[in-house]
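# Have a look at this prediction, sequence included:
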Amino acid sequence: MTDTSAPQPAAAQAIRATQPSVFDHRLQPRLVLPLLALLIAFPLIAQATGEDFYIGVASRVLVFGLAAASLNFILGFGGMVSFGHAAFVGLGAYTVGLLMQQGITSAWLAWPLAMLMGAAFSLLVGAISLRTQGVYFIMITLAFAQMLYYLIMSFKSLGGDDGLSLPSRSDIGLGLDLGQDATFYYVVLALVSTSLLLMARVLNARFGHVLQAIKENETRMQAIGFPVYRYKLVAFTLAGAFAGLAGAMLANQGSFVGPGMLQWTQSGILLIMVILGGVGHLYGGLLGAAVFLLLEEVLAAYTVHWQLGLGAVLLIVVLVAPNGLLSLRRGMWSKR
Amino acid sequence: MNTILILEQMLNGLQFGLMLFLLAAGLTLVFGIMDMINLAHGSLYMIGAYLVASLSQATGSFWLGLGLGVLATVLVGVLLEYTILRRLYHRDHLSQVMGTFAILLMSNEIVRIIWGAQPLMLNPPAALAGPVTLMDGFSYPAYRLLIIGVGLAVALLLWLLVTRTRFGMQVRAGAANREMATAMGANVRRLFTLVFALGAALCAVAGGMLGPLLAVQVGMGESILILAFVVIVIGGIGSIRGALMGALLVGLVDTAGRTLVPLLFDKAMGPEVAANAGPAVASVLIYVLMAAVLFTKPQGLFPAHD
Amino acid sequence: MKPHLLHRSLVSLSIALLCASSASAADQVKVGLLSTLSGPGAGLGTDIRDGFQLAVKHMNGKIGNLPAEVVVVDDQQNPEVAKQTAERLLKRDKVDFMTGTVFSNVMLAVGPAAFQNKTFFISPNAGPSQYAGAQCNPYFFNVSQQNDALHEAAGQTMQDKGFKRVALIAPNYPAGKDSIAGFKRFYKGEIGMETYTSLSQLDYGAEISKMRAAQVDGVYIFLPGGLGVNFIKQFVGAGLSKDITLYAPGFSADEDVIRAVGDSMLGTFNTSQWAHDLDNAANKKFVADFQKEFGRNPSLYASHGYDAARLMDAAVRDVKGKLDDKAALRKAIEAARFESVRGSFKFNSNHFPVQDYYLRVVSKDAQGKLTNRTVGTVFKNHQDAYVKDCKMPS
């Protein structure tokens, strides 16, 4: 992930953020708008063909897309390899679950609170972990996630090992019933699109430029005088907030929260989605989640041994497309 | 009574720790020398257990099965290294995570295809199925004593290998400083393959020994893999001594946590809370330890290069 | 170049989804059998599946005179995975009946989806107290037992046999808690130790050393499938079987466990609502054909899988194949007009069975093979303790 065409030092570029820079990521509306149109039309197509079940699948893909995108935010653009990201997603999910158990079903209360919990925990984890480097950072984020996993499992009021089955989806008011798969899908689509747009905005702003410059060369940024730790911590917390939102939606999608959501294997899957889609590419997280989950769904329909196929595809991608699928189309999907 | 409880727990912890050491030793060498995060290490443990189980059943002898199973697993490991893993050495950690995770998925499925989804039940050799009276009023399962014995023997052999052989010297050099070792003339390719084969053998011994005690089932590698990572972080990446100390520490904390903490909670808060909170406290403690080491002494408690 | 490629691939994806829609035939019965086919509980799910499929075979591939399609899926003993799989079975495959669940934590996770979808769930094993009492549901039926039942019988037995101080071990999940609650309802002696283990725990070294310290004369375990196998082997291996007598429910002392543990199990008493030596025509046929078809003795799980299929058959026959008439179908299932391998069968008002419970002992049969032998009856026409809490909507 080296910059190939920067004519000037990145730091100088970062200061003049109003000018197009190496760290800008085009939203690529020519390609994305038709996709968005298809996504909006999808539930109608599904209902027309009687395949309502797939609306739920699509919601799930979008939710995981957001979770993966939030990881990509710190991984692909900040260089922070977090092996504990599923903890923030899970925490968001459990917030919704716990509140619902106490009788609080309003999405307007629960979902922002889920984001807050995600942000708070990632602030805590980041504050400690970002003092370490390299493989140690990977391991310490893993440690914190596992701590939360075991902690949550120990509370019977949270369902313990078995998790909590939620009686209904969150209540969003406005005359909308999230229990209807199509309605839920549109709410998810709106939130995920907005979040991605927000992330892109941040990445294209000064903050994002600095973050990416830190990823390129941290020592240089430190030497220049940027408070590197602070920038990384803010980015980490922001990612935690988005992950919390994804968790809230995930809890709603399956009407279920379980400690398995926080396990290290889940963090591994999020990492793989990001790597699969393309680390450091704006849509890398979303694409990776889509490919991973759809592959799982399609393969599972054909054979009970679908994990073999999934593993094979992942292996091939690692060996053939080292920087993820989006890096294959250098001309069209270039991160510049 | 209470001394027997503590003694028994210490032996259990020692037994668990030694098996954990076998896994951690291989993992720490691969990580330390080849700088590779290998999530498929647990899969070698699982494959080793399955091969030992099948070969024991086929030959009718546990020991023959163990020996053949270890050899077969080494073959599988070398094959894996030669074809796929070799290509991941020079890649970044992320690619290694993805590649080895893919191998983890595939090996789970391949094992399921060959042996079916139901677990294999292994029995220990008949002579060791009963207890051994260690003290008055305290009899301990003979098989667990065997595991401790085998674990200690392997640790000794490993120590001899690493300190008294040329191969061991290259391993230590490679763990301490990879580039320097290459410059000094170690045949890196062959060294890597041998290190990986050694790791596979250790996994197979652990899998084969634990098989009769636990169950040989698909996915058995995942839970012990994460503990192995904890161990090598605490002990020090690349350090076998660290792996041993770390494994014993984790083994003891885990076992003590699973008995003593619930006991305390039981008296204070009742069996249900004890059942929920007890195991959690033990596990959380281990990860707190891991985080503390990473934060204060990232090289580990017994680093390879000091 | 590229926009065309993108457009084309998106269009083909949509078409692929359209083509994937399978038209469900109106004249068949589709059953979703979601069971535990991997992990330590795999033996239980496999027995249920085999029992169910044997029954379908006995009925010439039909349920209630309609061709039957049985979709078998593994729940991996994981409530989260099971929930997603259940959604797929209910919404994509549009099954008419759900069955197969072994573990109660999975049952509590997948139940609500089925009930909301108005799909009848015939549980061949999981009988959580929640569904027997306050949360009883018109769409839930249990053809095997309420979770507490076998443990109540064991508690009564150990009380009658005069054990003074017992240790209790069960896994920490809904059925585990039900088991200890049920046992304590009928056993009035001293509880020396009460421990809940993890459902994924295979090493019982800690529990065994605690038992040694607790100085009990009996131990009652509820550890289904592979868990029981491991415990018993370790219990015997630690030398405790000499001083402490082991009691179990049928769940921990049936064919799968006996096969795996072997002679160490001789003399283990256990309670069950079914035994292969029950003297009725349906059972004789079931046992003989199961042995012939699968080369092993059936366990109580297999008998429940068999009965579940027969119950569905009777109900579909009664409504003459009109599966959309939910009210009529419900009445037909409640009537339970079928010959169970347990003899006569009837449901209580909370859709759980009212039946007898027997005491069995592991011994060698006439051929010298290790199996269970019925030695007595503990309860007759026993109802579960939660039926009064159930206000079943009509």
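Here it is on my side, so go on.
# Determine the number of other residues adjacent to the residue of the stretch 151-300 of chain C found nearest chain A.
Using C-beta to the nearest C-beta, the point where the stretch 151-300 of chain C gets nearest to chain A is C:Tyr173, with a distance of 5.8 Å. C-beta coordinates here come from the backbone N, C-alpha and C atoms, glycine included. The local packing of C:Tyr173 (other C-beta atoms under 10 Å in any protein chain shown) involves 23 other residues.
# B:Val281 reaches A:Ser154, doesn't it?
Yes - with contact defined as C-beta atoms under 8 Å, B:Val281 reaches A:Ser154; the gap is 7.4 Å.
# Can you show me the strands along the stretch 51-200 of chain A?
With DSSP state E, counting those that start in this stretch, the ranges of strands along the stretch 51-200 of chain A come out as A:164-165.
# residues from it in reach of chain C?
A:Glu51, A:Asp52, A:Phe53, A:Tyr54, A:Gly56, A:Gly160, A:Asp161, A:Asp162, A:Gly163, A:Ser165, A:Pro167 (C-beta under 8 Å from any C-beta of the partner chain).
# Mind doing that once more with 7 Å?
Contact residues (C-beta under 7 Å from any C-beta of the partner chain) of the stretch 51-200 of chain A with chain C: A:Glu51, A:Asp52, A:Phe53, A:Tyr54, A:Gly56, A:Gly160, A:Asp161, A:Asp162, A:Gly163, A:Ser165.
# which of those residues are close to chain B?
Among these, proximity to chain B is found for A:Gly160 (C-beta under 7 Å from any C-beta).
# what residues are up against C:Val81?
Contacts for C:Val81 (C-beta atoms under 7 Å, 6 or more residues apart in numbering or on different chains) come out as C:Asp75.
# Check it and give its pLDDT.
For C:Val81, the pLDDT comes out at 90.
# cool, and B:Pro303?
Note for B:Pro303: predicted pLDDT of 85.
# now C:Pro393
With respect to pLDDT, C:Pro393 scores 83.
# Wait, it touches C:Tyr139, no?
No - the pair C:Pro393 / C:Tyr139 is not scored as a contact, 10.6 Å apart, by C-beta atoms under 7 Å.
# Looking at the two, which has the bigger crowd around it?
C:Tyr139 (20 against 6).
# ok, for that one, nearest residue in space, not its chain neighbours?
Excluding its sequence neighbours, the residue lying closest to C:Tyr139 (C-beta to C-beta, 6 or more residues apart in numbering or on different chains) is C:Phe115, at 4.7 Å.
# could you list every residue that touches the residue of the stretch 151-300 of chain C closest to chain A?
Contacts of C:Tyr173 (C-beta under 7 Å, 6+ apart): A:Asp161, A:Asp162, C:Ser104, C:Asn105, C:Leu199.
# Same check on B:Leu94?
Neighbouring residues of B:Leu94 by C-beta under 7 Å, 6+ apart: A:Val81, A:Leu271, A:Ile275, A:Val279.
# swap in B:Gly251?
Applying C-beta under 7 Å, 6+ apart to B:Gly251 gives the contacts B:Gly13, B:Leu14, B:Phe16, B:Gly17, B:Leu20.
# Most neighbours of all these, which one?
Of the contacts of B:Gly251, with other C-beta under 10 Å as the count, B:Phe16 tops at 28 neighbours.
# Longest helix in chain B, please.
helix B:2-34 (DSSP state H).
# Would you mark the buried spots in that helix?
Neighbour-count burial for helix B:2-34, counted by 16 or more other C-beta atoms under 10 Å in any protein chain shown, picks out B:4-5, B:8-9, B:11-34.
# Distance from that helix to the middle of the chain?
Mean-position distance between helix B:2-34 and its chain equals 8 Å (C-alpha atoms, centre = their mean, to the nearest Å).
# Stretch C:149-169 now?
Its chain's C-alpha centre and that of stretch C:149-169 lie 22 Å apart, by C-alpha atoms, centre = their mean.
# Please apply the same query to stretch B:112-126.
On C-alpha atoms, centre = their mean, the centre of stretch B:112-126 falls 20 Å from the chain's centre.
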